[in-house]
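Q: What follows is a predicted protein model with its sequence.
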Amino acid sequence: MRSNVSVSARLSLLALVGLFFAGASLQASHADGRADWVGYAWQKIEINECDVTGKLVACPIYHQKWDWKRNQWVDINVTLDLAAGRALLTQRLTNNDPYDHDYVCVTAVIVDADGGNLVAYHQNWGISSGDVLQESFAYLSPALATAATIHIGSKQCREGASQDDDVYRRVLANIGR
């Protein structure tokens, strides 16, 4: 009987160790560009799902509400120019709520097959009720041809205009390391 308890205790310990390592490996496998950012509604675009014409890669549009209960939308177009090593992003915010002013955080991270960040984009815009804001951005990356996935996320930034700016600085500082 004592040996059964001992075997049982060892099996329980092994099960706990297995769960620990399984959790650790899940954590490590999530290092795909999103792990640094908290509270975002993410969409994942695989590069092989994008339309390719020569060295131009046009990806499906990201379309997401930043506040799930209101008629407020984020749209992002992403085109990769692999010949130039340039990512082109156009962001559009549409606030159809007649009474709500918000700060909206939008983040896009282009990662390689190993989950390494190649390009990071982050904007936090204040938008008033009834407004539409749109702007285009270009980012250079010498390794853009190795891009495998684009993660785009948005959220209402309840902490105001500079929320997640420190995260963005840290992510940018680590690109290419």
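A: Ah, there it is. Numbers count the residues shown, from 1 in each chain.
Q: how is this structure carved up into domains?
A: 1-30, 33-174 (automatic domain parsing).
Q: which one of these has the lowest average pLDDT?
A: Of all those, domain 1-30 carries the lowest average pLDDT, namely a mean of 35.
Q: Of the domains of the chain, flag the one that's most buried.
A: Using mean count of other Cβ atoms under 10 Å, the stretch among the domains of the chain with the largest mean neighbour count is domain 33-174, at a mean of 17. C-beta here means a position set from N, CA and C on the backbone, and glycine is covered the same way.
Q: The chain: strands as residue ranges?
A: Per DSSP state E, the chain carries strands over the ranges 41-46, 51-53, 56-58, 62-65, 72-81, 86-95, 102-112, 117-127, 132-140, 147-156.
Q: Which elements pack onto the first one?
A: Going back to what we said before, that points to strand 41-46. Under the contact criterion of 3 or more Cβ pairs under 8 Å, 6 or more residues apart in numbering; DSSP states H and E, strand 41-46 touches strand 62-65, strand 147-156.
Q: Just send the ones you listed back as a markdown table, with distance to L89 too.
A: Shown next, in a markdown table, are the helices and strands packed on strand 41-46 (distance: least, Cβ to Cβ, whole Å):
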| stretch | distance to L89 |
| --- | --- |
| strand 62-65 | 10 |
| strand 147-156 | 9 |
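Q: Which one, of those, ends up nearest to R169?
A: strand 147-156 (17.5 Å; Cβ to Cβ).
Q: what pairs with that closest one, and is each one parallel or antiparallel?
A: strand 41-46 (antiparallel), strand 102-112 (antiparallel) (DSSP bridges).
Q: how big is the angle separating it from strand 86-95?
A: Calculated by axes from the mean of the first three to the mean of the last three Cα atoms, to 10 degrees, strand 147-156 forms an angle of 20 degrees with strand 86-95.
Q: closest to Y99 out of the helices and strands packed on strand 41-46?
A: Here strand 147-156 is closest among these (Cβ to Cβ), at 14.5 Å.
Q: what's in contact with that closest one?
A: 32-34, 37, 39-47, 59, 62, 64, 66-67, 74, 76, 78, 80, 102-113, 118-119 (Cβ atoms under 8 Å, 6 or more residues apart in numbering).
Q: again, but for stretch 41-52
A: 34, 57-60, 62, 64-66, 78, 80, 147-155.
Q: if we go to 7 Å?
A: 34, 57-60, 62, 64, 147-155 (Cβ atoms under 7 Å, 6 or more residues apart in numbering).
Q: Please consider this matter closed, and thank you.
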